[in-house]
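**Q** Could you work out the structure for the sequence below:
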Amino acid sequence: MTTATPASATSVLVRLKLSLLRNGLRQSTGRRAAFVASAVLTLVFALLQLLGFVALRFQSHPESVAVPGVAVLALGWAVMPLFFPGGDETLDPTRLVMLPLRPRALVRGLLAASLVGIGPVFTLLVLAGCGLSLAHGAGWPFAVVGVALALLTCVALARAVAAANVRLLTSRKGRDLAVLSGLVIAIGAQLVNFGAQRLGSGGLGQLRPVADVLAWVPPASALAAVRSASEGSYGVALAQLALCAMLLALLIGAWARSLTRLMTSPDGSTLQAADDGGRDRASAGLARLLPAGRTGAVMERTLRYIWRDPKTKAAWVTSLAIGLIVPVFNAIQGTGSLYFACFASGMLGIQMYNQFGQDTSAFWMVAMTVSSPRDAYAELRGRALALLLITLPYATLVTAVTTALLGDWSRLPEVLGLSLALLGAMLATGAWTSARFPYSIPQEGHKNVAPGQAGLAWISIFGGMVAAALLCSPVIAATIWLNITDGGARWSWLLLPLGAAYGAALALTGLRLAAPRTAARLPEILVAVSKG
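**A** Below is the predicted model of the structure:
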C-alpha cells in the first residue's frame, strides 16, 4: 500500500492564489471583463516600456533612465500595499493563522504566490527591458541574475511592508490611506509631468548624477551591476549584486519576524480598549478656544469631521495639496502666473458645498435642533467659520509662496484680495447649494456620490463655481482696470482690503439667504443625504 506524498506548502499556496484569481473572475461577467481589459492594457503598456528600454540601448546614457526606473518601481511596490490593501487578498497573513505552518515555509510559499499576477508580470517585463538596455558582452549573465534579484526584492519589499502594517491596513486609519490613494496619484502625476518637461529641455544626461547614487541603492544596484559588468568592472558588479542580495535577505528576515509576531500575538479586538480620556481632555482644551454657544459646537463638530471622517479628510487633503501644487509647480517651471494662487481659494471653497451630505443619515440630529431660520443661520455660520480657520491662513500662505517664487511682491496685495473675494463667494454659493442641491456621500467604497444623485452633484459644484466667478466680477474688473490704467499700479494695494471686505459681505449675504431655505427644507435634505 502506497501513501501519497503530501504537497509542499509552496505549491499549495501557489494553487490557492490561482484559485482566488479564478474564483474572483467567476463572480460576474463585468468583473471578468474588467480583469481581462486591465490585464491587456497592463501588458501592452509593459511591452511598450520594454521596447522603449530596448531603444535606449543605442543612446548614450541608458543607465540614466534604467537605474532610476528600477528605484521608482521598487518604491511603487513598497507603498502599494499601504494605499491598496484590498488589491491582493493574500497580503493579509492573518488569514492563514490557523494553518500548521512555520514562518520559513510560509515565507517561501507566500513569496512564490506573490509572483503570480499581473503586477509581477508587468514588473518582470520592465526589469527585463532595463537589463536589455544595459547588457553588453559579459553583462548578459549579470542581467539574468540582476533581473531575478530585483524582482524578488520588489515582491519581498511589498510583503514585508504589508506584514508589518497589517493591523494598520485593517483599521480605520488603513481605510483612510486607501481613500487618500487618489491624492498620491495626483501628486505623482504632477511630479512626472514636471520631470518630463525638465528632461525634454535638458536631455537624459541630467539624470546621470541620480543614477550614480542609485547604483549603490538596492534593488537598483542589481541592474547597475549589469552596466558595470558590461564595462569590465566585475568586482564592482559583484558588490552591487551583493548589496541587493543582502537587502533581499534582510527583507525576508523582517518579514518572517512579522509573521511570527502576527501568528502568536493576540488581536487588538481581544484586548480591552484603551482609555480615550486623554484625547477627550485634549479636545476639550481645544474647544475652549472656540466661540461659546451653538457656533462653537458646530465648529468643533465640523473640525472633527475633517479629522476623523475618511471621505471628508480625503477631500480636504486633496484640496490642500492640489491648491498648492498647481500654482507652485507652474511657478517653478516658469510658465505660471501669480493669479494661479487663487486656485487654492477655489479648491478649499469647494469644501463648503454639500455641507449636509457629510452628515449622512445622522443629519436628523442636526435637523432636530433647527426650528427657525435663525438656528439654520447659526448652523451654517459655524460650518463656514470652521472652514475659514483652515482656508484663510492656507490661501494666504499659497499666495505668499507663489509670489516669492515669481519674485513679484508688488502684486501680492491685489492677488490676495482677489483670492479672499473668491473665497467669500465660494462660501456664499456653497451655503446656498448645500440647502438647494444636497446629495448623499456613501460611507463605503470610493464613490463620493450616491447612485442617482450625480446630476445634483454636478449642478451643485459646477453651478456654484460659475456663480462664484460671476459674483467676483466686480473685483476682477477693478483688478483689470488698475492694471491697464496709467498710474493704476500705485493704487493696486487697495484691492486687498476691498477684496477682503467684498468677500466677507458675500459670505454673510449667502449665509443669510441660505438660512431660510435650509430651515424650510429640512425633511427634503434629510431624505437626500440618507441615500448613501
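**Q** Report the separation between residue 116 and residue 17.
**A** Look at residue 116 and residue 17: by Cβ to Cβ, to the nearest Å, they are 5 Å apart. Where C-beta positions appear, they are placed from N, C-alpha and C, glycine not excepted.
**Q** And those two? Which one has more around it.
**A** residue 17 (21 against 18; other Cβ atoms under 10 Å).
**Q** Apart from its neighbours in sequence, what residue is nearest the more buried one?
**A** Of all residues not flanking residue 17 in the chain, residue 113 sits nearest, at 4.1 Å (Cβ to Cβ, 6 or more residues apart in numbering).
**Q** Repeat that for residue 430.
**A** residue 352 (2.8 Å).
**Q** Could you tell me the per-residue confidence at the one you found?
**A** Note on residue 352: pLDDT of 89.
**Q** Could I get the contacting residues of residue 67?
**A** 130, 211, 214, 215, 220, 223, 224, 227 (Cβ atoms under 8 Å, 6 or more residues apart in numbering).
**Q** From these, which one has the minimum pLDDT?
**A** Lowest pLDDT within the contacts of residue 67 is found at residue 211 (83).
**Q** can you tell me which residues contact that residue?
**A** 61, 63, 64, 66, 67, 68, 224.
**Q** Can you say which helix or strand has the residue lying closest to it once chain neighbours are set aside in it?
**A** Counting by Cβ to Cβ, 6+ apart, residue 211 lies nearest to residue 67, which is 4.3 Å off, once chain neighbours are set aside. Assessed by DSSP states H and E, residue 67 sits inside helix 63-83.
**Q** So what's the residue count around the nearest residue to residue 241 once chain neighbours are set aside?
**A** Among residues not flanking residue 241 along the chain, residue 225 sits closest, at 4.7 Å (Cβ to Cβ, 6+ apart). Residue 225 has 30 neighbours, counted by other Cβ under 10 Å.
**Q** I'd like to check the angle between the strand or helix carrying residue 55 and helix 63-83, please.
**A** If you go by DSSP H and E, residue 55 is part of helix 29-56. For helix 29-56 against helix 63-83, the angle by axes from the mean of the first three to the mean of the last three Cα atoms, to 10 degrees is 160 degrees.
**Q** May I see the buried residues of helix 29-56?
**A** By neighbour count on 16 or more other Cβ atoms under 10 Å, the buried set for helix 29-56 is 46, 49, 50, 53, 56.
**Q** List the contacts of residue 523.
**A** Residue 523 sits in contact with residue 367, where contact means Cβ under 8 Å, 6+ apart.
**Q** can you pull the buried residues of the host helix or strand of it?
**A** Element membership for residue 523, per DSSP H and E: helix 522-529. For helix 522-529, burial by neighbour count (16+ other Cβ under 10 Å) applies to 522, 525, 526, 528, 529.
**Q** care to break this protein down by domain?
**A** 16-265, 293-529 (automatic domain parsing).
**Q** Of those domains, which is nearest residue 9?
**A** Closest to residue 9 of those, according to Cβ to Cβ: domain 16-265, at 4.4 Å.
**Q** tilt between the helix or strand residue 229 falls within and helix 63-83?
**A** Applying DSSP H and E as the criterion places residue 229 in helix 220-230. Helix 220-230 and helix 63-83 are oriented at 160 degrees to each other (the same axes, to 10 degrees).
**Q** Now do residue 271, the pLDDT please.
**A** pLDDT, read off for residue 271, is 44.
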